[in-house]
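S.K.: I would like the atomic coordinates for the input below:
(3 chains, ligands or ions: 3)
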Amino acid sequence: MKPTVGVCYYPEHWPEDIWHEDARRMVEAGIEWVRIGEFAWSRMEATPGVWTLDWLDRAIDVLGRAGLKVIMGTPTATPPRWMIDKHPDMLAVDANGNARKFGSRRHYCFSHMGYREECARVVELLGVRYSKNPFVAAWQTDNEYGCHDTTLSYSDAAQTRFREWLAVRYGSVDVLNDAWGNIFWSMGYNSFDQIELPNLTVTEPNPAHVLAFRRFASDEVAAFNRVQTEILRKHTDTPLIHNYMGRELGFDHFDVGADLDVASWDSYPIGFLSDRLDASEAQKSAYLRQGDPDNQAFHHDLYRAVGRGRWWVMEQQPGPVNWAPYNPAPLPGMVALWGLEAIAHGAEVVSYFRWRQAPFGQEQYHAGLLYADDRDAPGLAEAQKVAEIARGLDIDADARAPIALVFDYPSAWAWHTQPQGADFDYFHLTFATYKALRRAGFSVDIVPASAQDLSGYKLAMAPGLATIPEALIQGAKDAGTLMVLGPRTGAITEEYSLPPRGRPDVEGLDVYVDRVESLPPGQTEAVAGGGAVCHWLEELSGGADALLKLETGASVLVGDQQAWYLGGVPDENLWDRVIGMAAGHVGLTVRPVPVGARRREVGDLEFLVNYSDHSVEIEGETVAGCGVTILRGGVCIART
Amino acid sequence: MKPTVGVCYYPEHWPEDIWHEDARRMVEAGIEWVRIGEFAWSRMEATPGVWTLDWLDRAIDVLGRAGLKVIMGTPTATPPRWMIDKHPDMLAVDANGNARKFGSRRHYCFSHMGYREECARVVELLGVRYSKNPFVAAWQTDNEYGCHDTTLSYSDAAQTRFREWLAVRYGSVDVLNDAWGNIFWSMGYNSFDQIELPNLTVTEPNPAHVLAFRRFASDEVAAFNRVQTEILRKHTDTPLIHNYMGRELGFDHFDVGADLDVASWDSYPIGFLSDRLDASEAQKSAYLRQGDPDNQAFHHDLYRAVGRGRWWVMEQQPGPVNWAPYNPAPLPGMVALWGLEAIAHGAEVVSYFRWRQAPFGQEQYHAGLLYADDRDAPGLAEAQKVAEIARGLDIDADARAPIALVFDYPSAWAWHTQPQGADFDYFHLTFATYKALRRAGFSVDIVPASAQDLSGYKLAMAPGLATIPEALIQGAKDAGTLMVLGPRTGAITEEYSLPPRGRPDVEGLDVYVDRVESLPPGQTEAVAGGGAVCHWLEELSGGADALLKLETGASVLVGDQQAWYLGGVPDENLWDRVIGMAAGHVGLTVRPVPVGARRREVGDLEFLVNYSDHSVEIEGETVAGCGVTILRGGVCIART
Amino acid sequence: MKPTVGVCYYPEHWPEDIWHEDARRMVEAGIEWVRIGEFAWSRMEATPGVWTLDWLDRAIDVLGRAGLKVIMGTPTATPPRWMIDKHPDMLAVDANGNARKFGSRRHYCFSHMGYREECARVVELLGVRYSKNPFVAAWQTDNEYGCHDTTLSYSDAAQTRFREWLAVRYGSVDVLNDAWGNIFWSMGYNSFDQIELPNLTVTEPNPAHVLAFRRFASDEVAAFNRVQTEILRKHTDTPLIHNYMGRELGFDHFDVGADLDVASWDSYPIGFLSDRLDASEAQKSAYLRQGDPDNQAFHHDLYRAVGRGRWWVMEQQPGPVNWAPYNPAPLPGMVALWGLEAIAHGAEVVSYFRWRQAPFGQEQYHAGLLYADDRDAPGLAEAQKVAEIARGLDIDADARAPIALVFDYPSAWAWHTQPQGADFDYFHLTFATYKALRRAGFSVDIVPASAQDLSGYKLAMAPGLATIPEALIQGAKDAGTLMVLGPRTGAITEEYSLPPRGRPDVEGLDVYVDRVESLPPGQTEAVAGGGAVCHWLEELSGGADALLKLETGASVLVGDQQAWYLGGVPDENLWDRVIGMAAGHVGLTVRPVPVGARRREVGDLEFLVNYSDHSVEIEGETVAGCGVTILRGGVCIART
Ligand SMILES: [Zn+2]
Ligand SMILES: [Zn+2]
Ligand SMILES: [Zn+2]
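M.R.: Ligands and ions are numbered 1, 2, ... in the order given. Presented below is the predicted three-dimensional model:
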């Protein structure tokens, strides 16, 4: 696979007479793809039913004739204001019961069927008009599902559809009452029509109720997206794509991804370090102008899984952004590093957001590849560098990493619903696991809990996986993969109750989690030989061999030949020990990298990236601060 | 009085075929009481008016025949879902005006008269059916009034009844306007119908308005409870009990207690240290798996007062719980320590919550005496130990401690309404006083502000008592009790205005509080000779003798033979000095205990408890870490 | 101008028989002015249309005959309860959509036309009745506009009038769509009737929408006030005054001030340090009982500008207050210091709030000059001291300081709407500039952005001025004033978009702000030679001379002879360097003052004030801790 570079462009924001020159400069910079259209509904249909698309025809024509391939975005994330007059109840409702008003974007409830029909109408119309256009080479549905906390809506529409969804899932309300354990506090229902959404309850609602609502809400996102993909599939066989966000856990991306050809995500390394990563102050300071050294890679690997091997970066940060609490500028080199790192993880396209800085609206300080006054911004040369290097690369999209990490959205919902310890967070736990694997120098594949074929993986980690599918365990057995489970893996059933015969319920692994403790920040339990448990500690019993013990003598890591169980959240040192033991057990060699540096191997290529601001040595190779070194068969073929 | 052990049990949660074995194991563990029924309304009356009680008959029969005495809970804390259909306006309304929805528990407004009638209906029916049952030996009304902030409701029902309550209290709106000082900001009313609940005002409402609302809301809880006690009294003379919570200040527990025979509370030492005590991080860390060394004792003494000498622990933490921000497990020994400490303070029954861990619903990680899969959990053996030791004890329920501490709910409401300093908190102040008395080795009785007979008390402390009843002062005089008042004692009238002739208005104590200062955290004023004032400092004038002065020369403790006044919130050192001086003045001997250890004397018994994790020496006796030593006449009769 | 002393008095709070004695004691203390009436509507018109003013006639008579001049307050900040029955929709609505209920004060929406008519009615009636009264010598409109966040209301009334206001401003909705850049996210409108208030949007609304709403809301305050001034002007030519608050940025005080004769403000130095200044903990601790050494002066200078030279302190803190998070008492001397400092900055009247401490209502712990029980409180003697010293002073109200600082309310709205860095705050920035000028010993005039005549100013600072009026730049050129612009000056247009040809757009100053960074707390960029940039850093290009550079070599201060541009927020050291360089450039001499001390020069008078608690030396003069030294022509004429 030959990676390429793209850019996001808004012809509707600029006078038509500069489109040609814009397109020419894009091509000159090595850009091959251009995404358009995703916020332009009001320009397409300024009043209901009156379509104005000639400008869009011309824009596509200008871009295409210049040599660019167009990604056509459906504009459903920004319905025009008249739509609210037509469907006043289409607005989502927040957990306090307030309608979320028009005036920004994503102002719709996924469960509103009237709005779904409007979306079908616009997608059909665009599909008919542009699917045969030779310059339109891919489609994007909507924009950033879930962004701005938009997955959950407590609207009447959502309540109505939730009841229907429950009726389908449970068949009868008695089955539901039993499944949820509603006898607990006399919470039983006499009919589905009595079931409300789980907000504004006196104290916490039944976790089974919440988990069902989260599953429902996720299904609604998938159903909403499916309306668009089903229409577009009738018209085109170019790839259908959605651009997901970072650390967005509101819905199951694998479910939405099942209807797409390519997964993509919007990668804002510095913005995300500021606004959504729970890193220490020291970590945030060290990578202030670079972003966290693992966050991009984690999402790249995640979306490679979501896209079943095919994935893009649809929006790549090109300079300082505007929407995080603090918005520093990238160090020189980082815009190129981010692009090349995406390619290292298999991105087919790295598309920068946006071409030219907007002089109006909500993102006036968001950098583009050009300044608002048309001068080149610093990101442009770096994007061009990425395009140049990409031209010399060919990535083996089918290569598997030696280690798999299970990532599961329902587990995030489950532990968010009842964290048990205030700082227990599924993303934090899986991300810490990923970081430890990367400190040890490993490349990693992320896999869903529904994975069955684990062939090629010597080791699979499944921390915090709420419910363990039998097929996953079977897959590991078939492939001879060592499964490292825990903490909190297999702790509940799909209906959020304790599993009947102890947990985790893995054949051949004789362990009980008798009880659990959550620990406040600063409280740790030392492990004999080094490292400690923090946040979460389980009291284990059963016949499995003790592999690591607390200094108190209690077992904290136990296991047999095929599966291990880890009874607590490790600190960094303990993670390094656990990874080292597991790697040794399966015959993998740990190859640690310096602080801030990371390795990604794919086929015969080895990418060394350096998020630190000074150069580092990795096994004899020097990697510049904020730089990338690419080796093929051990020989350097490019560096920045 | 011979203390015994109990347990909370939910037959409706378990298959009927294990009830017998459960009952047998309870008896085997030395358990004599079992509480049932309080969340089972939906099982009793699954649809309106259709009663299903045969299962409950059988459960009582099984338990009773096994030798257990049943505490029958009225299920009014968890009305079934159909009740909301019947009375849609019965839900409480939060301060933002949102109805607090069905889906957990305590989803009712105390002021809704329709729901009160429903409660009367179920209590009457249960009273008729079970009051003559020989196995039913006590009744519990509802469950944990006020828990989850449920005392205050801003519903229409509450507004209507508040107006009626005001009309009764003030007679005319002119009297109310004068009493509240409504002229202050033109806040006067022309009729009672104009008076709204004091939420959502532009800036803070009139404190007199808020205090009246708090009194009203408290009265509503008492009235709600009284509906049940009046019905049950007609049918039974077994004890009527309610299970209060810890640090629950929403309503006047003494008022509710006046209608009961026995007070009880739900004691979760580790949960409460995590979720409701404002201890320092160091203190929270030192007692992470034990709970605060004074919090249980404080509430034991408080509820002994509420129960006029008769009190129980209705729910005792048996292991880790699930609902606090962090939920560590008790150290070995603590489950027994907590039970024995309750007995030291006069508990008739210590009842563990719950028998078996629930595998569904909101409390799946809440420990029981059994694990969910039926194995013995660690708490069981410790509860059994308590039962064994209890069998050898006889507690003098009438013994008085040498020192009284006044605790007054309206004072908590007053200072919460206008703290004047952001961290001024009545519970914090009285609890700090109690801690200082306990560090000095004293046993303490808590008394209400309505106390009149202080005979036997050499010393009475009344910090922060908003309004001083004349009868209390007279009682102290009659008994020769030294009253230590202040800070902030007698500072307002019952209608929340400044008292007419200076404050505190105590005959013979010539002191004025000219003005007050609240001090931010970290700001202290040193006292000559040691210790300091923090949070709150008063400028005193008047002729009373200065007993302690600030280093600036200003008086901070003044007094005469019968009453002292303390003009600031002491730090620990100053509290120790003040207690030492007062004890010396009245001829009591300070007998300090080591850090983490506490003494409770009752009759000829002396209980030494050790909340620290290592053994300590107390006047020659060794008390194990997390252990208890019981002396009778100075001779050890039991230890854990 | 001969400064005098006043007091705020509430005859309606006290029995009529003490009014005479109160008036006598006021006069005895040297008080000449007394403000009354502003919260007394319910006493004036207890039921709709029934006026009771005889008590007010008598109160004015008693006060006037004792020798006092009366300031008559219109009572419109506290409409009586019956008004809400008459106009249920007059309540303001908060950003969550909740009506802000009756029960405190300022419970009205500025946009409710029915309430405006009610205000006109009461003002007309009072104007007719009292304008000819010889004792009524000034009028105050309403009370503390904007206090308790009351400027913004999301009511239906506000929405209706906002649409009308938009129609006037933009003429057509297409013009508005273009001006706001609504194409950005398809946010365009088809008619003004579709435009809602910018609350409860899914993510942040268009900043142009918010800025328009802020302008509208500010205009509404001015319009509301104008109703009263237009009526009063018909009846009286005594001064019309409003009492503004401290750090109140909700509306444009200059606009309201344009309709008044005198500006006044309510100065609570200790309360404001506690509740609204973002000082460091060390700073808050050092000035706990004094207030910030610059905050009063800043507001004095600001309101002198708002009053076009004529200004008062309408309410001066007389002791501890009650409404801040913490409320310590002033150190001895501070009540006098505050009063004299106000006079140093040109206050015509310093009026203490309040005469006697209120025993009821919301401010029972708020000190007065008397205690509630009638004894002299400590503030009385200090107020008397101010009156004595004031008698010997004559202030040149027309004298200009050598340096001007531009203060602009729309800039505060702009940067609050999109701070870009979470802690970027316009007040903080301008106040830091002011502090640096004062550390250097300079007296300062604050001027609005509409200032055109800068004659006499050698230097003018305009940090963070969102949009630069051409007339301001021209004024500086005409006057030969060095303008120091930046950071963030001229960064947006009036419609909140990026200015077309780079910014700031100042003729002759060749600088571009290519991009900006916001920096989290603790992140700084060192400047070569000393000092650092924090919070905010701009990347500058263009041909202007570099005057200061970062250690990285990037320019941070650039300029030509007439204008400089500062590309970041300086820390204290850098501010001192910048001020020193600018002063040197224009021939002003820096005369630093000791920590806590400040200098104010006016005509031939020099006031030295000392906010620290120990005496300091200033150029040979000793100023006592919490003391003031006044020099005339260099000779001491008074000290405290
Ligand atoms: Zn962690
Ligand atoms: Zn304290
Ligand atoms: Zn700063």
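S.K.: Please work out the average pLDDT along the lengthiest strand in chain A.
M.R.: Ranked by residue count and defined by DSSP state E, the top strand of chain A is strand A:532-541. For strand A:532-541, mean pLDDT is 97.
S.K.: Contact partners for the residue of chain A found nearest chain C?
M.R.: Closest to chain C within chain A is residue A:360: 2.4 Å, counting by C-beta to the nearest C-beta. C-beta: built from backbone N, CA, C; applies to glycine. Going by C-beta atoms under 8 Å, 6 or more residues apart in numbering or on different chains, residue A:360 touches C:180-181, C:183-184, C:208, C:496-498.
S.K.: Next step: those restricted to helices.
M.R.: Those of these mapping onto helices are C:180, C:208, per DSSP state H.
S.K.: Same list (the contacts of residue A:360) but as TSV, adding neighbour count, pLDDT and distance to residue A:348.
M.R.: Converted to TSV, these look like this (neighbours: other C-beta atoms under 10 Å in any protein chain shown; pLDDT from 0 to 100; distance: C-beta to C-beta, whole Å):
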residue	neighbour count	pLDDT	distance to residue A:348
C:180	25	98	37
C:181	24	98	33
C:183	20	98	31
C:184	25	98	29
C:208	27	98	38
C:496	27	98	38
C:497	19	97	36
C:498	21	96	34
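S.K.: Run through the residues that contact residue A:521.
M.R.: By C-beta under 8 Å, 6+ apart, the contact set of residue A:521 is residue A:423.
S.K.: Could you measure from residue A:271 over to residue A:626?
M.R.: Going from residue A:271 to residue A:626 by C-beta to C-beta, to the nearest Å gives 17 Å.
S.K.: element containing residue A:558, please.
M.R.: Using DSSP states H and E, residue A:558 maps to strand A:555-559.
S.K.: Can you check the pLDDT for the closest residue to residue A:193 other than its chain neighbours?
M.R.: Residue nearest to residue A:193 in three dimensions, not counting chain neighbours: residue A:163, with 6.4 Å by C-beta to C-beta, 6 or more residues apart in numbering or on different chains. As predicted, residue A:163 sits at a pLDDT of 98.
S.K.: Locate residue A:163 within the secondary structure: which element?
M.R.: Short version: residue A:163 belongs to helix A:156-170, going by DSSP H and E.
S.K.: So which elements touch that helix?
M.R.: helix A:173-180, helix A:207-235 (3 or more C-beta pairs under 8 Å, 6 or more residues apart in numbering or on different chains; DSSP states H and E).
S.K.: hang on, residue A:615 packs against residue A:628?
M.R.: No. Counting by C-beta atoms under 8 Å, no contact exists between residue A:615 and residue A:628, whose distance comes to 11.9 Å.
S.K.: Give me the more crowded residue out of the two.
M.R.: With neighbours defined as other C-beta atoms under 10 Å in any protein chain shown, residue A:615 and residue A:628 compare such that residue A:628 has more, 25 against 14.
S.K.: Tell me if I'm right that the more buried one and residue A:640 touch.
M.R.: Yes. Applying C-beta under 8 Å, one finds residue A:628 in contact with residue A:640, separated by 4.9 Å.
S.K.: which residues does the residue of the stretch 151-300 of chain A found nearest chain B contact?
M.R.: Relative to chain B, the nearest point of the stretch 151-300 of chain A is residue A:181 (2.4 Å; C-beta to the nearest C-beta). With contact taken as C-beta under 8 Å, 6+ apart, residue A:181 is in contact with A:206, A:208, A:497, B:358-361.
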